[in-house]
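K.L.:
kindly return the folded structure for what I paste below:
(chains A and B)
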Amino acid sequence: MLSYILRRVLYIIVVFLLLSVLLFAMYKLMPVDVVEMYTSGMQQEMTPAEYERYQEAFRIKLGLDQPIPVQYAKWMGRMLTGDFGTSVKYRRPVIEIIKSPMAATILLNAVTMIFVFAICIPLGISTAVRKGKIYDNSVQVVTILGYSLPTFIIALTVILLFSLVLGWTPISGMYTPGTQLTGFAAALDRAKHMILPVGVMTFTSLASLTRYIRATMIDALRMDYIRTARAKGLREKVVIYGHAFRNSLIPFITVLIGWFLGMFGGSVMVESIFNWNGMGKLLIDSITGADFAVAMALEMFYVIIGLVGNLIIDLAYTVVDPRVRLT
Amino acid sequence: MGKKQKDLFREEMVQSPGRTAARNFFSRRLSIVGMAIFAFIFFGCLITSLVIPIDLTYTDSTRINLPPSLDYLRVPDALAGNIKAMDIGSTYGMGIDQNGKLHMWGTMYDTAAKLKDLPADMKPLKLIACGLDHASAVAEDGTIYSWGNDRMNITKINEDAQGKDIVDIQAGQWVTIALDSGGNLYFWGNDSQFTFRASDHQGSYKAFAINIATAIGLTNDGNVMALTRTDTGFSRVPDEVQGHAVAVASTDKIGAALLDDGRVITWGPTTEREQLTVPEEIQGRVTQIDGGRTHFSALLDDGSVVSWGENSFGQINYPSLTGYDKVIAGYYQNAALTSEGGVATWGQRGYLMGTDQSGRDVFTRLIYGGRISLTVGFISVLISGFIGILLGGMSGYFGGKTDMFIMRLGEVFSSIPFIPLAIMLAAVVSNRISDTQRVIMIMFILGFLNWPGFARLARAQILSEKQNEFVTAAQAMGIRERVIIFRHIMPNVLGVVLVSLTLSMATCLLLESTLSFLGFGIIEPTPTWGNMLNKCVDSTVIRKFWWRWVFPSLALGLSTISINIMGDGLRDAIDPKSNDR
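P.N.:
Next comes the predicted model:
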């Protein structure tokens, strides 16, 4: 087990390095002159010769005069020590800029996850138990909608319905502008602004997870040990939750973790529509604003999340299913 | 059970798996409906886009955010038959009946909605003029009314004109000009985009013509001059016109004069003038002329009508009837009146699905956007399917180091969240490529990032198929490996992969639209269902201009839903577990 984890970690490091080369290459290919972005403000105040010297000085300061491999090594070294560079737009270290959006994204995703858990497990189980009945079929139709429709269409529809027609929720943003709320009032205000984004994210992720639980539950309910359990005279509740559901958990864990990781990528859309200042919105803003130091740090985060997530999936297997042995 | 005596031999009839699957698929009503809807959308977009032309660079500031309607030409029955005066506005029309009562028809939305609030105590009218979103009218006693969009002084009547003997009144986009019997012109409205100058010949005007940004005057001695200053050829009136003109008309950019010998002379910027060349056969027979945005309509000496110019909305598809004595053109619509007050109309009837923020027809863009979105989805699925099946097949069949390497590679690809990576990739190549290259680039990005799923599926299938006896038998017979993979194993794997391909088409559609929606996929002016929604995240648009997002959303949603239903149906049809036998 330990040696397996060690090997996987080693493998992750290799892949991470490969991906970082790929990302760095993309970074270098970006059609923007970084020096120009830093120095263009001074162009008016200097003579062309002076300006050129100023630009050259900046080029050396940023290390852009060195060969690409050296640049990569230095950049990687800085990344590993936690120095993600400076944002061109805000003129502040990237790490400071990323902090609050990261918290916002994690908040959004965590709350969504709670709702998804609370809804999709009972829903998946109950539809599996009532397979083929009207209840099951109608849930199936709703879930098909959930995973077929793009997030932005659902988002536009709920904005129209709940914000514009009914006026129950704010249209977008993270707090009511112009207010100085504290404590409970601030939390309530934040919660109000979270209703629509969380609702949309829950609805879209609910669909595939519910269908998944239903499918694995149906398979599990066909097994002989279920018949045995029923034959023993166990209560139906025990049969379903104690026997069938525990066994259907294995594939579910994989999907669940995969889904949670995907959510970090997927919340890009929701954040940009609802003006939620999270990492996804920051990524879009930094790429459109050519603030690539921020974009690179975010991409690195996504990559790490992805790789570590894969490891967790494999480890989770052994925890939920003792039959699986990692070698 | 027991309903029918089962025939033992019948039951033994062997059906090929393909036929069983097809029979299963078509026995499910839902899958057929899904397939029908998808086929309708797919072929509808492909075929219709071949029929309807599209000009990607087209924009029209007078046609922005119009709701779906087809009633621009629907003259009310109460008016037809007893028309005294009539004019055509942007998306509506107004007419005065013999009793001086005002009738209106067409679409009046957003800024034009105020047109429905008529001025209080209107006296019987004699003249009417319709602009973009305002209208002006003159009563029998000379009182002038101006109403509608009242921003920027558009309806602030020039007090000098009030009570004068007005003989003609016409409206431009946001301006109104009136002519009195003494040959004086009166101007009011928003002059920020309309430089009007008539002082040179005040007192001697006989007629005038006005369009969006242009106006022409005609004096009693037959001289013609531009009343608006432009740097195009519009102000250079040809000399052959001077002294002979009896009537004038104007499109958006071109001026036209009707001479005393029945000929029509046009002037203005060269390219536009060439599009509006006067048909030779009507020269010498014209008795009256009027101009729309990009076309002219004329009345001939035998009472028939002719339209020529651009035909983007059918505005020159004139009826071949005679007996008219007045022709009216405005924007893309036309009307011809008989002396008894009857009316015939032709030209633009409206927009089936409204227009967007640049005045472009949503229906046309929906069709073209569908063609592009569906093509991108289809081809990127083919790309990822090809790569996935090839690598997955190799991985599953050869095993060992190859398997290890390919599967790890797939893991790397699938471990990175898709949208951030695609955004980054799209940003790298964004600025230096043409629109067509961009479309191709998106296909490849989607294709290259999606293959690991197929590879894993193909590998798993091949691993299980490899265990079968027929493979061992083939190997024992000394059949070459390549033949075993492609002839013996692949056909058994393809069914499952096909289902996965179908379902993945929906995913690709969603991803393309998501990227385009965020502005990192295919960008304007090339339409896709995703980027049509790009400018719609705005509370005004969502509620007021709902047609801009509802129709593309419906098309996209229906496509993905029907693909998913179809894919589910296919999966159940192929899955041997679901067979009733």
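K.L.:
make it CA atoms for all contacts and neighbour counts henceforth
P.N.:
Fine.
K.L.:
what residues does chain A put near chain B?
P.N.:
A:15, A:26-27, A:29-31, A:144-145, A:148-150, A:152-153, A:156, A:159-160, A:164, A:171, A:261-262, A:264-266, A:268-269, A:273, A:280, A:283-284, A:287, A:299, A:302-303, A:305-307, A:309-310 (C-alpha under 8 Å from any C-alpha of the partner chain).
K.L.:
which of these count as buried?
P.N.:
Buried members of the residues of chain A next to chain B, counted by 16 or more other C-alpha atoms under 10 Å in any protein chain shown: A:15, A:26-27, A:30, A:144-145, A:148-150, A:152-153, A:156, A:159-160, A:164, A:171, A:261-262, A:264-266, A:268-269, A:273, A:280, A:283-284, A:287, A:299, A:302-303, A:305-307, A:309-310.
K.L.:
mind listing which of those residues are in helices?
P.N.:
A:15, A:26-27, A:144-145, A:148, A:152-153, A:156, A:261-262, A:264-266, A:268-269, A:273, A:280, A:283-284, A:287, A:299, A:302-303, A:305-307, A:309-310 (DSSP state H).
K.L.:
next up, the contacts around the residue in the stretch 151-300 of chain A that chain B sits nearest to.
P.N.:
Of all residues in the stretch 151-300 of chain A, A:G265 sits closest to chain B, at 5.1 Å by C-alpha to the nearest C-alpha. Residues near A:G265 by C-alpha atoms under 8 Å, 6 or more residues apart in numbering or on different chains: A:G280, A:Y302, B:P417, B:F418, B:I419, B:P420.
K.L.:
per-residue pLDDT, it?
P.N.:
The score at A:G265 is 70. That number is its pLDDT.
K.L.:
what does A:V320 give?
P.N.:
69.
K.L.:
give me the most central residue, chain B.
P.N.:
By C-alpha atoms, centre = their mean, the mean C-alpha position of chain B lies nearest to B:D361, the distance being 2.5 Å.
K.L.:
just the pLDDT at it, thanks.
P.N.:
87.
K.L.:
and if you look at the one 3 residues further on?
P.N.:
In the prediction, the pLDDT value recorded for B:T364 is 89.
K.L.:
what about it, which SS state?
P.N.:
helix (DSSP: H, G, I helix; E, B strand; the rest coil).
K.L.:
number of nearby residues for it?
P.N.:
22 (other C-alpha atoms under 10 Å in any protein chain shown).
K.L.:
ok, it - contacts?
P.N.:
Contacts of B:T364 by C-alpha under 8 Å, 6+ apart are B:S49, B:I52, B:I54.
K.L.:
what residues does chain B put near chain A?
P.N.:
Residues of chain B lying near chain A (C-alpha under 8 Å from any C-alpha): B:412, B:415-421, B:423-425, B:427-429, B:431, B:506, B:510, B:513-514, B:518, B:537, B:539, B:542-543, B:553, B:556-557, B:560-561, B:564-565.
K.L.:
weed out the non-buried ones from those.
P.N.:
B:412, B:415-421, B:423-425, B:427-429, B:506, B:510, B:513-514, B:518, B:537, B:539, B:542-543, B:553, B:556-557, B:560-561, B:564-565.
K.L.:
among the residues you listed, name the ones in helices.
P.N.:
Short answer: those in helices (DSSP H) are B:412, B:415, B:418-421, B:423-425, B:427-429, B:506, B:510, B:513-514, B:518, B:539, B:542-543, B:553, B:556-557, B:560-561, B:564-565.
K.L.:
how about the helices in the chain?
P.N.:
All of this refers to chain A. Under DSSP H, chain A gives helices at A:2-29, A:34-39, A:48-61, A:68-80, A:94-129, A:134-148, A:151-158, A:183-221, A:224-231, A:236-237, A:246-273, A:279-288, A:292-320.
K.L.:
wrong one, chain B
P.N.:
Going by DSSP H, chain B shows helices at B:8-12, B:17-26, B:29-51, B:270-275, B:362-398, B:400-415, B:418-429, B:435-466, B:469-476, B:481-483, B:490-518, B:529-532, B:539-544, B:547-574.
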